[in-house]
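# fold the following.
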Amino acid sequence: MIPGVIVEFLGRASVAVAGTRDQNLVPHIHFVSGWQVSEDSTELTCFIPAKFTDNLISSLEDNGQLALTVEQIGPHETYQFKGDYLDSRPLQEDDLSIYEDCRERFVSACLPRFGIPEDVLRRYISKPSLAVRFKVREIFVQTPGPSAGKRLVPSEGS
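Just a heads-up that it's a prediction; the model follows:
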C-alpha cells in the first residue's frame, strides 16, 4: 500500500518518467504527463503521450515490470515506484483534468526558477494518449541525500 504521506506527495509532484526494459534487457524511457493513485492506494496509473510509447507495451507484456520516478521540482523530493503491469487503455475524457493539473504544477515550479517562457513550459508536458496501470510493489527514496536508494515499502528488513 502507498502510505498517505506519499499519496500527498504525488498530489504536489511536478514531473515523472517511467522506465521499462525489453526482452533483450535494453532500457526504455517513457515521459509521463500525469499520474493517479487508485482508491485503495495499491496501484498507480500513468498517463503517457503517444510519442513516448515506443517499446512500452511490448516490454510490459514481455516482463510486466514498470518503474515510475516522480519528482517535485524545487526541493527535488523524489520517489521511485516499482511494480507489476496490470493493463493499459486509451486516454479517457476524465483523465484530461489529471494531465492539466500536472502540467500546471510543472509550469508553476519551473517558471520562477528557469526563466523559460510559460508557453514553452506548457508544451513540455505533452497531452497523453495512453493510461498504463500497475500495482505498486516497492517504493524507494530517490531524493538526493543520505537516504537516497532506501526502500520505504516494504520497509527494509521486511
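# quick one: low-confidence parts of this structure?
157-158 (pLDDT under 70).
# could I get the full set of strands for it?
15-21, 27-32, 35-37, 43-48, 65-72, 77-90, 130-141, 151-153 (DSSP state E).
# winner for burial among these?
Ranked by mean neighbour count, those are led by strand 43-48 with a mean of 23 (mean count of other C-beta atoms under 10 Å). In this view, the C-beta of every residue, glycine as well, is placed from N, C-alpha and C.
# and the contacts of it?
2, 10, 16, 18, 30-38, 56, 66, 68, 81, 83, 86, 91, 95, 98-99, 102, 128-136 (C-beta atoms under 8 Å, 6 or more residues apart in numbering).
# follow-up on the earlier one: would you format the strands of the chain as CSV with distance to Leu121 included?
Formatted as CSV, the strands of the chain follow (distance: least, C-beta to C-beta, whole Å):
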stretch, distance to Leu121
strand 15-21, 11
strand 27-32, 14
strand 35-37, 19
strand 43-48, 18
strand 65-72, 15
strand 77-90, 20
strand 130-141, 23
strand 151-153, 30
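# looking at those strands, which is closest to Arg123?
Closest approach to Arg123 among the strands of the chain is made by strand 27-32 (12.5 Å; C-beta to C-beta).
# which helices and strands does the closest one pack with?
For strand 27-32, the elements it packs on are strand 15-21, strand 43-48, helix 56-63, judged by 3 or more C-beta pairs under 8 Å, 6 or more residues apart in numbering; DSSP states H and E.
# of those, which approaches Pro112 most closely?
It's strand 15-21; of those, that one is closest to Pro112 (C-beta to C-beta) at 15.4 Å.
# nearest residue to Leu67 in space, please, no chain neighbours.
Not Leu; residue 67 is Ala. Leaving aside its chain neighbours, Ala67 sits nearest to Gly19 (4.4 Å; criterion: C-beta to C-beta, 6 or more residues apart in numbering).
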